[in-house]
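[1] Build me a model from this:
(one chain, ligands or ions: 2)
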Amino acid sequence: MSAVSARILGNTTLDRFDALVIGSGASGGAVAAMLTRHGQKVLMLEAGSNYFPDIDQPAAMTALGSVGQALPLFGNDELKLLHRYQIAPDPVAEPRTLRHTAADGDRLAVGDFANFAKTVGGGATHADLKTPRFIPDDFRLGTLLGGAATAGGASFVDWPVPYDALEPFYLYTEQLMGVQGAVGVDPNAGPRSGPYPMPPGAAMYVAPVAQVGLAKLGYTLFPCPTAINSVPYDGRPACNDCGFCQSSPCVINAKGTPGVTTLRKALLSGNCQLRPETRAVRLMIDGAGTTVTGVEAILPDGSRTVFTADRYFLAANPVEDVRLLYLSGGGSPLGNSSGLVGRHLMLHHGVNVVGVFEDQLHGHRGRGSTHAFTEFRVPSNPNQPIGGIVVVTTVPYLIQQAQTYLAQFGTLGVKGALFKKFLRQARPRDRLLSLNMYGEDAPHPANTVDLDPAVRDVDGIPVARLTYQPHDYELAAEKFFVPKMIDILGAAGARFGAQAPNGDPPSAGHLMGTLRFGSDPGASVCRPDGRFHDIGNLYGTGASLFPTSSGFNPTLTITMLATYVAASALFPGTPERGLG
Ligand SMILES: Cc1cc2nc3c(=O)[nH]c(=O)nc-3n(C[C@H](O)[C@H](O)[C@H](O)COP(=O)(O)OP(=O)(O)OC[C@H]3O[C@@H](n4cnc5c(N)ncnc54)[C@H](O)[C@@H]3O)c2cc1C
Ligand code: SF4
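    Ligands and ions are numbered 1, 2, ... in the order given. Model prediction:
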């Protein structure tokens, strides 16, 4: 423990709370920002450390010489961040387990499976924060797919709240996070009631390269909405295109992560207290099983205590939310009269196709990815399966490049000393262009989160077990779209193009589902306003509530939905009043 990273943040004099929020990521930050905006007293528990010094101080002289939020304690260091677990849980100390189906036994493997950063601000702290909205059809796939909605055991359903009702919350969230983008450039985008707060910033060099191929084949490349300042905004500087953006925190606060947006606003309101390095381990429930009475937590010094509030919001992410419900239920999870807690885990079916180009692509310049196209994500097109948005990107980091080469060429026997020679000569180095599709992951009841029966973490607590495999739906979409992605690379001038091997699970870094919301208590865990059907003062918040995954990067929608849930708690039936 370090004193800086565990300092209690915000108003430390508060000792009675209207709401307790577990987790300070995209969802938790959004809940806190909305509740404190309306005078609610909020306590946040965050298992990870804090790397945003003075996040709760109005202004400081920054290293850039201007007055603003103090700079965070991150560096442009691939090794420290991505391989020495500066903010991610160490998979030896805090692993997860994986199996594909129950027939695999207790587990197939122990390690790092779909794990997110454990830090103040959560995974969004180092996401590259592309923030497209979902489109209206994403909220009605049950209706749109008709009989096919349940084919192969999938469980596509409509969301209980349509796009139109959520649109004002999208607009508010884009302003809160600070999203750059252009209206009218994505032919498949839904309607909007206002512009983006900022215009698009500079394009990566790979964008115009890919554009050559996309234009030849009739696709529309556009600047992807992204929560990164293209101009000074909300007291934060414009991005300087340092190039250390993909999977990395921003060292100048230009990226609209919770630590510089939602959390900061909540903490500066005087109505919020955030306790880093404080891990919730059990929800306490009354005798009737319908009211949460407190949360037991492990403090930074290892001791345990109980925190209380009137309402409780789960914002620890779709895996850790379920883990906590299991840990609290004595054998079966809390809130599970539907039998659906932990079911319908969705990860997005990440499909990556990599092309090798003759010329250098300058991947170390600019943001993680700046441009995208959406023609593979049109649910109403009967001539293709439902895929996802495709972003154009590259492989900017040295260790990452080596890993990519090994994955690509290791199967051809290029390993060991030969591989080292290959890396030194590095002909393909900085010549890789990648098309990444975030494919729809069909909600499948057999894809679940529960507790591993034997594996414990460093605190002696059972770890989460994922039971996950892609099903026919995603695999058919992958088979359909990969040849088209390779054609695009070829039309853009790639000398060689191939699909990168899928991970296991084939994750795109996105977690969704497990506490699906809906009107029917027999078919959903939470109500349309996010509250548990079974437990009157407990709420699901962001990604956990998603009944379907869409095929777009989820964090804008996670933040938006958490905002909507908090506003619904304050103004039942008229959540739009929360925006006033
Ligand atoms: C490399 C990478 C790149 C990404 N890029 C994008 C992108 O471009 N666009 C996009 O939309 N998404 C992106 N994502 C996904 C994005 O990071 C997530 O969607 C988002 O962070 C999820 O937020 P969350 O609040 O649901 O969960 P989390 O970020 O996981 O937040 C949960 C928080 O709860 C804390 N917590 C967990 N358990 C407990 C407990 N028991 N007690 C107290 N605290 C607890 C955790 O430490 C964490 O801080 C990316 C992800 C990765 C890994
Ligand atoms: S590219 Fe821009 S937003 Fe990304 S880390 Fe660098 S300065 Fe920050």
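[2] Pick out the residue of the stretch 451-580 of the chain closest to ligand 2.
    Closest to ligand 2 within the stretch 451-580 of the chain is Thr555: 14.6 Å, counting by Cβ to the nearest ligand atom. From N, CA and C alone the C-beta is placed, and that goes for glycine too.
[3] I'd like to know how many residues surround that residue.
    Other residues near Thr555 number 28, with proximity taken as other Cβ atoms under 10 Å.
[4] same check, this time on Asn240
    12.
[5] Next: Ser303.
    The number of residues packed around Ser303, counting by other Cβ under 10 Å, is 8.
[6] near ligand 2, which residues of the chain show up?
    Contact residues (Cβ under 6 Å from any ligand atom) of the chain with ligand 2: 228, 239-245, 250, 252, 254-255, 367.
[7] now with 5 Å?
    Contacts of the chain with ligand 2, taken as Cβ under 5 Å from any ligand atom, map to 228, 239-240, 242, 245, 250, 254-255, 367.
[8] mind checking how far Pro382 is from Ala148?
    11 Å (Cβ to Cβ, to the nearest Å).
[9] Give me the more crowded residue out of those two.
    The neighbour count for Pro382 versus Ala148, taken as other Cβ under 10 Å, is higher for Ala148 (12 against 6).
[10] Assumed Ala498 was part of a strand.
    Yes - looking at Ala498 with DSSP: H, G, I helix; E, B strand; the rest coil, it is inside a strand.
[11] just to revisit the earlier point, quick check: phi and psi on the residue of the stretch 451-580 of the chain closest to ligand 2?
    Thr555 adopts backbone torsions of phi -70, psi -30, taken as degrees, to the nearest 10.
[12] Chain neighbours aside, what residue packs nearest to it?
    Ranked by Cβ to Cβ, 6 or more residues apart in numbering and with sequence neighbours excluded, the top spatial neighbour of Thr555 is Ala26, at 5.2 Å.
[13] burial measure for that neighbour, as a count.
    Ala26 is flanked by 36 other residues according to other Cβ under 10 Å.
[14] now do Ala165
    Ala165 has 15 neighbouring residues, counting by other Cβ under 10 Å.
[15] got the contact list for it?
    Ala165 makes contact with no residue under the criterion Cβ atoms under 8 Å, 6 or more residues apart in numbering.
[16] tell me which element it is part of?
    Applying DSSP states H and E as the criterion places Ala165 in helix 163-177.
[17] In this model Leu406 seems to touch Pro501, though I could be wrong.
    No - in this structure Pro501 lies outside contact range of Leu406 using Cβ atoms under 8 Å: 10.4 Å.
[18] neighbour-wise, which of these two wins?
    The neighbour count for Pro501 versus Leu406, taken as other Cβ under 10 Å, is higher for Leu406 (15 against 12).
[19] So for that one, what's the nearest residue that isn't a sequence neighbour?
    The shortest distance from Leu406 to any non-neighbouring residue, by Cβ to Cβ, 6+ apart, is to Phe419 (6.6 Å).
[20] My assumption is that that neighbour lies in a strand; please confirm.
    No - read with three-state DSSP, Phe419 is helix and lies in no strand.
[21] neighbours of it, just the number please.
    Neighbour count for Phe419, taken as other Cβ under 10 Å: 16.
[22] Output the set of residues of this structure in proximity to ligand 1.
    Counting by Cβ under 5 Å from any ligand atom, the chain comes close to ligand 1 at 23, 25-27, 45-48, 116, 118, 122-124, 127-128, 130, 247, 279-280, 316-317, 320, 509, 542-543, 553, 555.
[23] Could you tell me the per-residue confidence at Ala566?
    Model confidence at Ala566, given as pLDDT, is 98.
[24] do the same with Gly287
    95.
[25] and what of Ala426?
    With respect to pLDDT, Ala426 has a value of 65.
[26] now the strands for the stretch 201-350 of the chain?
    222-223, 272-275, 279-285, 292-298, 304-307, 311-314, 349-356 (DSSP state E, counting those that start in this stretch).
[27] Going along the chain, name the strands of the stretch 351-500 of the chain.
    Applying DSSP E, counting those that start in this stretch to the stretch 351-500 of the chain gives strands spanning 371-373, 390-394, 432-439, 448-456, 462-467, 496-499.
[28] nope, the stretch 51-200 of the chain is what I meant
    Going by DSSP E, counting those that start in this stretch, the stretch 51-200 of the chain shows strands at 60-61, 67-68, 96-99, 109-111.
[29] Just name the most buried of these.
    Among the strands of the stretch 51-200 of the chain, strand 96-99 has the highest mean neighbour count (mean count of other Cβ atoms under 10 Å), at a mean of 22.
[30] Return the list of strands paired to that strand, each annotated with direction.
    If you go by DSSP bridges, strand 96-99 pairs up with strand 109-111 (antiparallel), strand 462-467 (parallel).
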